[in-house]
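>>> build me a structure from this.
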Amino acid sequence: MQPYASFCTHRTAALVAPRLQQGAGCLQPPIPSESRITVPGAGLPGETFDLTTAYGDWFLTSADGHASLTLRTAPHALHPAQLEIEWDGKDPASTIRAVSDPAGANRSFFYLQLQGVGAYNQTAQPRQNDAVALRVTRMDAQSLEATLSGRLTGAGPMQIAGSIKLHRSAPPLLTSGTFGQCDPEIHDKLAGAEWRSPSECEVNFDAYVRKGLAAAMQPVIDNLTGQNWKVTGLVEAQSLTSIPRHTESKPFQLVEQSMHQGGAFHVSFSLDQNSPIYQRYNQAPMDEAGKVVAAAQAGKNVPMDASIEAAQVLEENTRIGIDVRINAPSVGVTSFKAEHTTRSLPDGGFVVEVPHAQRPSGGGLDSAQRVFYVFLGAWSPAPVSRVAGEGEEITVKGNLNLSASALLKVQNIAIRIQAGTAQAEQVLKRINWTMLHQLLAGR
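Numbers count the residues shown, from 1 in each chain. Prediction:
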């Protein structure tokens, strides 16, 4: 008989945001349990299972409540069983049904797994019109007691009735930084997952910063879309529902909401391919490609340098990408040629231009990009560069304040602009710098 998978299995996969994965967050200490369930039906004679060990967490506040639990029989039980159950809300009475919205405000989950022979080898959960009624009789930091009864479907219809009875030492209270009038306590609804629930203060701060960054970049979007540029990618701010664990004591970094490296904000543009400007820049790569094909047909080898350069010129002049981060401890750039330049901004901060930067996805010189990095706020005054072959590794270090009072503040901003020189200057001219400095000032 194979042992059950470690805690954080079905419930994590079904109810936690897709980017969350099983990992260190699943390794939680067991909780002594006096829980038991009786299950008649689907070939079972009415077996009673003593669930002596539990994993997970629960909380109850004046405004909300939640429990995420995995309960198991003893390791060497004659008929092993595992129950995974989750419910949401402070109401002592609730019903767990077949359909639950994993992203909804009131998610619930119920999954029974039996591991043995014959009828003792099946899984069951509410299906179609099945439902399990739950009544919580006690719920505080140390204790959770509840009764349950209802109907499931496994190999066939089955009834279930039982009780949950857990007692533990009070868990340590976790708090985040503060941001105005809000609750900094962390009430975790993602027990067993790699990420945790955010505090109310973290949610409010996240929304405040994303709104400010979007406002700062809106003039850029308006200007470019009025000149035959199309928005090809834009991260729309979503309410923060999960955050990496162990981040509550670090300066807040906005959770990445896209595949782009920026995380806090991303927008990308491409020039209309029917526009005369695009056609002009596209002609050179087409000509170079034709030369390569003609040479190959003649049995000759043609250096690809001109073709690569033409493709890079096309990208620089017809594509723009903007990514923004806050509170980064450092920013590192790989440049395939030691040609970076630095200049100061009029109202503080500086810009580093890297003509041959490695793409975020990797690659070599043949796929390098011209990138401009803007640094505002708490950064070392200049980048540090070290030789790396024919190129260089460039690092700009953030000077972050790690005190509790500074955790939910915008201490620094890093903007990555992938574009040609003229296009980057157009972006820099249109950014709402006043809004960015207001974010840094906490207004």
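>>> for the chain, which segments count as helices?
10-15, 200-225, 276-297, 305-318, 421-430, 433-441 (DSSP state H).
>>> now Asp130, nearest residue through space, not along the chain?
Arg151 (4.7 Å; CB to CB, 6 or more residues apart in numbering). The C-beta positions use only the backbone N, C-alpha and C, and glycine is treated the same way.
>>> now tell me which of the helices of the chain the model trusts least on average.
Here the lowest mean pLDDT among the helices of the chain goes to helix 10-15, at a mean of 39.
>>> for burial, what's the neighbour tally of the closest residue to His187 other than its chain neighbours?
Leaving out its chain neighbours, the residue that sits closest to His187 by CB to CB, 6+ apart is Phe59, at 4.8 Å. Counted with other CB atoms under 10 Å, residues neighbouring Phe59 total 21.
>>> which residues does stretch 208-218 contact?
179, 237, 254, 264-265, 267, 322, 324, 326, 410, 431-433, 435-436, 438-439 (CB atoms under 8 Å, 6 or more residues apart in numbering).
>>> got the buried residues for it?
Tyr208, Val209, Arg210, Gly212, Leu213, Ala214, Ala216, Met217 (16 or more other CB atoms under 10 Å).
>>> redo these as a markdown table? Include distance to Ile31.
Listed next are these as a markdown table, based on distance: CB to CB, whole Å:
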| residue | distance to Ile31 |
| --- | --- |
| Tyr208 | 37 |
| Val209 | 37 |
| Arg210 | 37 |
| Gly212 | 42 |
| Leu213 | 42 |
| Ala214 | 43 |
| Ala216 | 47 |
| Met217 | 47 |
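>>> from those residues, which single one is nearest Arg127?
Arg210 (39.3 Å; CB to CB).
>>> please report the distance of that closest one from Lys189.
22 Å (CB to CB, to the nearest Å).
>>> re earlier: buried subset of the contacts of stretch 208-218?
Looks like these have 179, 237, 254, 264-265, 267, 322, 324, 326, 410, 431-433, 435-436, 439 buried, using 16+ other CB under 10 Å.
>>> pLDDT check: weakest of those residues?
Ala237 (75).
>>> what about that residue, distance to Leu365?
Applying CB to CB to Ala237 and Leu365 gives a distance of 36 Å.
>>> do the same with Gln122
On the measure of CB to CB, Gln122 and Leu365 end up 59 Å apart.
>>> and these two? Which one has more around it.
Each of Gln122 and Leu365 has its neighbours counted (other CB under 10 Å); Gln122 has more, 18 against 14.
>>> hey, what's that one bridged with?
Going by DSSP bridges, Gln122 is paired in beta bridges with Leu114.
>>> so what's it up against?
Ala42, Gly43, Leu114, Gly154, Ala155.
>>> from those residues, pick the one nearest Leu402.
Leu114 (49.5 Å).
>>> look up how far Pro30 lies from that closest one.
Leu114 is 20 Å from Pro30, by CB to CB.
>>> what about these two, which has more around it?
For Leu114 and Pro30, the more surrounded residue by other CB under 10 Å is Leu114, and the numbers stand at 25 against 14.
>>> quick check, that one in contact with Leu78.
No: using CB atoms under 8 Å, Leu114 makes no contact with Leu78, being 11.7 Å away.
>>> filter the contacts of Gln122 to the buried ones?
Buried members of the contacts of Gln122, scored by 16+ other CB under 10 Å, are Ala42, Leu114, Gly154, Ala155.
>>> returning to what we had before: in this structure the residue nearest to His187 contacts His66, no?
Yes: if you go by CB under 8 Å, Phe59 and His66 touch, sitting 6.0 Å apart.
>>> ok, Pro383 - contacts?
Applying CB under 8 Å, 6+ apart to Pro383 gives the contacts His340, Thr342, Val352, Ile394, Thr395, Val396.
>>> enumerate the beta-bridge partners assigned to the fifth one.
Assessed by DSSP bridges, Thr395 has beta-bridge partners Gly332, Val384.
>>> that one and Gly332, how far apart?
5 Å.
>>> which residue, other than its chain neighbours, is closest to Ala93?
Arg135 (5.2 Å).
>>> burial measure for the residue lying closest to Asp206 once chain neighbours are set aside, as a count.
In this structure, Asp206 finds its nearest non-sequential neighbour in Leu240, 4.2 Å apart by CB to CB, 6+ apart. Neighbour count of Leu240, defined by other CB under 10 Å: 19.
>>> for this protein, which strand extends over the most residues?
strand 44-60 (DSSP state E).
>>> can you give me the buried ones in it?
44, 49-60.
>>> pLDDT weak spots in the stretch 251-400 of the chain?
The stretch 251-400 of the chain contains residues with pLDDT under 70 at 256-263, 278-311.
>>> could you redo the last one with a cut-off of 50?
258-262, 285, 288-289, 292 (pLDDT under 50).
>>> before we move on, the earlier item: let me have the contacts of Pro383 in JSON lines, extended by neighbour count and distance to Pro276.
Formatted as JSON lines, those follow (neighbours: other CB atoms under 10 Å; distance: CB to CB, whole Å):
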{"residue": "His340", "neighbour count": "20", "distance to Pro276": "33"}
{"residue": "Thr342", "neighbour count": "16", "distance to Pro276": "35"}
{"residue": "Val352", "neighbour count": "22", "distance to Pro276": "33"}
{"residue": "Ile394", "neighbour count": "22", "distance to Pro276": "36"}
{"residue": "Thr395", "neighbour count": "14", "distance to Pro276": "41"}
{"residue": "Val396", "neighbour count": "22", "distance to Pro276": "39"}
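>>> tell me the pLDDT of Glu84.
96.
>>> wait, doesn't it sit right on Arg72?
No: between Glu84 and Arg72 there is no contact, the gap being 9.8 Å when judged by CB under 8 Å.
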